[in-house]
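> A predicted structure for the sequence below; I have some questions about it.
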Amino acid sequence: MVITNVIGTAIFLTPGSMATTLPSEPLLLLSWIAGGAISLCGGLTYAEMGAMYPRSGGLYLFLKEAFGPLVAFLYGWGAVLVILTGATSAVAVGAATYLAHFVPALSTTHVIFAARLPWGPWTISAAQVVAAVSIAILGAVNYVGIESGNRLQAVLTVAKVAAIAVLPVVAIVLHPVKISLTPIVPHVAHPAIAFGVVMVAVMWAYEGWYYLPFCAGEVRHPQRTVPRAFVIGILAITAIYVIVNVGYMLALPFAQIRGSERIAEKAMMELVGASGAGIVAATVALSGVACNAASIIGVSRACYALAADGMFFRAAARVHPRYRTPHVAIVLTCLWSALLALTGTYDQLYTWVTFASVAFSALAGIAIFRLRRIRPDVPRPYRTWGYPVVPALFVLAVGVLVINTMIELPVESLIGVAIVALGLPAYWYWRRGVRL
């Protein structure tokens, strides 16, 4: 869950733009290590709350226990409506786009349906259909049992990590170590500011490690397993990110890394020729499918937790009598994700709620301080190592992302807040005890 849901497409795309902002190889590698350290602080923070409340729900449950049902509902509303479902759709379409490298007829340019609506044209491409079908297949696997979903994730994770490892291994074999040890090049006027800007991209690349507590209620020995999975998973991700970036730096001169939008493809083509593009396309497609195998579990459990509290459609709280999965929640969230993929509006919606997503992550970090104060007697099988410094570092780092998002995307941030606020009427409706 931790490894698979984090490693998506960012590691294949963002290093080129990062190198433009911060043209220093050692500092770029340091930024990836720093991102892993911040994520680890978050993992250790969430692990205490996950061990306190070993039930499915994740951030929704933490926010509910610390700040009450309204804050929790607004997070769950935003997550089910756009944050998690929109991310699932975006990753599915991205994976389908790379699959078109092998089957051009499945590209986004191959339009199979078009209609003119009052607010503009609506088109559905072959890639969008493939994306929707992939979501449905992954949903079906998870429908028949958490163990079948876990086995699929295990296979996909091993295959994905093995595919990603090809680039640095080939680079190390074919090229001697040539990374410059000069920490800062002369023309970086404000290296601290540049490092901060780069860290925004890095933290987005680590996004998703917190999905594990969403299914804590279905994990064996969650009090022990959740903290251990956070530590091992995030350390493994950090190692993978650093090694892959070393591979880029060995394969390409730094001047070619700077500004490259598809750096993984360029690096593999430099190493093995034209076949490198196919290797990268297959890896990115596999990475996207594996990422969604984990995200579908997370979003369906968020939906289930809402319904179990009587704050969503009652049927979504049902557990299948044979498979012991929240089958209705899985169907609802997968159908909605597939619909977002077909509408093509998921990317815009996800941009709008970026601010809300980051803000709720910071709020969930703050929850540990409040729970220590208002729930001192609740058993804590695991207590955050380094408390209160470790949780404070995580909240501070995520808080910087919140402020940066407000500055860089003020309109989108306000729209994101408005989308979340649309959940207020629904909250008042369900709080009155009305059920559908």
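Looks like it came in fine.

> now the protein, which segments are flagged as low pLDDT?
119, 149, 175-189, 344-353, 433-436 (pLDDT under 70).

> how about the helices in the stretch 1-150 of the chain?
Secondary structure of the stretch 1-150 of the chain (DSSP state H, counting those that start in this stretch): helices located at 2-6, 10-13, 15-21, 25-52, 59-67, 69-78, 84-99, 126-143, 146-174.

> Pull the contacting residues for the most centrally placed residue in the chain.
With distances taken as Cα atoms, centre = their mean, the chain has Gly208 as the residue nearest its mean C-alpha position (3.1 Å). Neighbour list for Gly208: Asn5, Val6, Gly8, Ala87, Cys291, Ala294, Ser295 [criterion: Cβ atoms under 8 Å, 6 or more residues apart in numbering]. No exception for glycine: its C-beta is placed from N, CA and C like everyone else's.

> if we can go back for a sec, I'd like the helices of the stretch 1-150 of the chain as a markdown table, with mean neighbour count and distance to Gly273 appended.
Formatted as a markdown table, those follow (neighbours: other Cβ atoms under 10 Å; distance: least, Cβ to Cβ, whole Å):
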| stretch | mean neighbour count | distance to Gly273 |
| --- | --- | --- |
| helix 2-6 | 25 | 30 |
| helix 10-13 | 21 | 18 |
| helix 15-21 | 21 | 20 |
| helix 25-52 | 23 | 25 |
| helix 59-67 | 25 | 45 |
| helix 69-78 | 23 | 46 |
| helix 84-99 | 26 | 19 |
| helix 126-143 | 22 | 26 |
| helix 146-174 | 17 | 12 |
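
> And these: which comes nearest Leu422?
Taking Cβ to Cβ, helix 69-78 is the member of the helices of the stretch 1-150 of the chain nearest to Leu422, at 7.8 Å.

> so that closest one versus helix 59-67, what angle?
160 degrees (axes from the mean of the first three to the mean of the last three Cα atoms, to 10 degrees).

> If I take helix 69-78 and helix 84-99, what angle do their directions form?
Going by the same axes, to 10 degrees, helix 69-78 makes 20 degrees with helix 84-99.

> what's next to helix 69-78, contact-wise?
Where contact means Cβ under 8 Å, 6+ apart, the residues beyond helix 69-78 that reach it are 59-61, 63-64, 302-303, 305-306, 309, 311-312, 353, 356-357, 360, 363, 419-424, 426-427, 430-431.

> go again using 7 Å as the cut-off
Outside helix 69-78, the residues that touch it by Cβ atoms under 7 Å, 6 or more residues apart in numbering are 59-60, 63-64, 302, 305-306, 311, 353, 356, 360, 419-420, 423, 426-427.

> ditto for stretch 100-120
96-97, 99, 121-127, 129-130, 277-278, 281.

> so how far is Ala315 from Ala131?
Here Ala131 is placed at a distance of 26 Å from Ala315 (Cβ to Cβ, to the nearest Å).

> can you check Lys64 too?
In terms of Cβ to Cβ, Lys64 sits 21 Å off from Ala315.

> same thing with Ile243?
46 Å.

> And the two? Which one has more around it.
For Ile243 versus Ala315, neighbours defined as other Cβ atoms under 10 Å are more numerous around Ile243 (18 against 14).

> Am I right that the more buried one is in contact with Pro168?
Yes: here Ile243 reaches Pro168: they are 4.8 Å apart, a contact under Cβ atoms under 7 Å.

> can you map out the strands along the stretch 301-436 of the chain?
Taking DSSP state E, counting those that start in this stretch to define them, one finds no strands in the stretch 301-436 of the chain.

> Mind listing what's buried along stretch 307-318?
Ala307, Ala308, Asp309, Met311, Phe312, Ala316, Ala317 (16 or more other Cβ atoms under 10 Å).

> out of those, who's nearest Leu332?
Lowest distance from Leu332 to the buried residues of stretch 307-318 (Cβ to Cβ) belongs to Ala316, with 5.9 Å.

> What separation is there between that closest one and Tyr429?
15 Å.

> same thing with Val299?
Per Cβ to Cβ, Val299 is found 22 Å from Tyr429.

> neighbour count winner among these two?
Using other Cβ under 10 Å as the criterion, Val299 and Tyr429 rank with Val299 on top: 27 against 12.

> how about the longest helix seen in the chain: buried residues?
Assignment by DSSP state H gives helix 275-308 as the longest helix of the chain. Using 16+ other Cβ under 10 Å as the test for burial, helix 275-308 gives 276-277, 279-281, 283-308.

> for stretch 422-436, same thing?
The neighbour-count check on stretch 422-436 (16+ other Cβ under 10 Å) flags Gly423, Tyr427, Trp430 as buried.

> need the residues you listed in a markdown table with distance to Gly16, can you?
Converted to a markdown table, the buried residues of stretch 422-436 look like this (distance: Cβ to Cβ, whole Å):
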| residue | distance to Gly16 |
| --- | --- |
| Gly423 | 38 |
| Tyr427 | 43 |
| Trp430 | 46 |
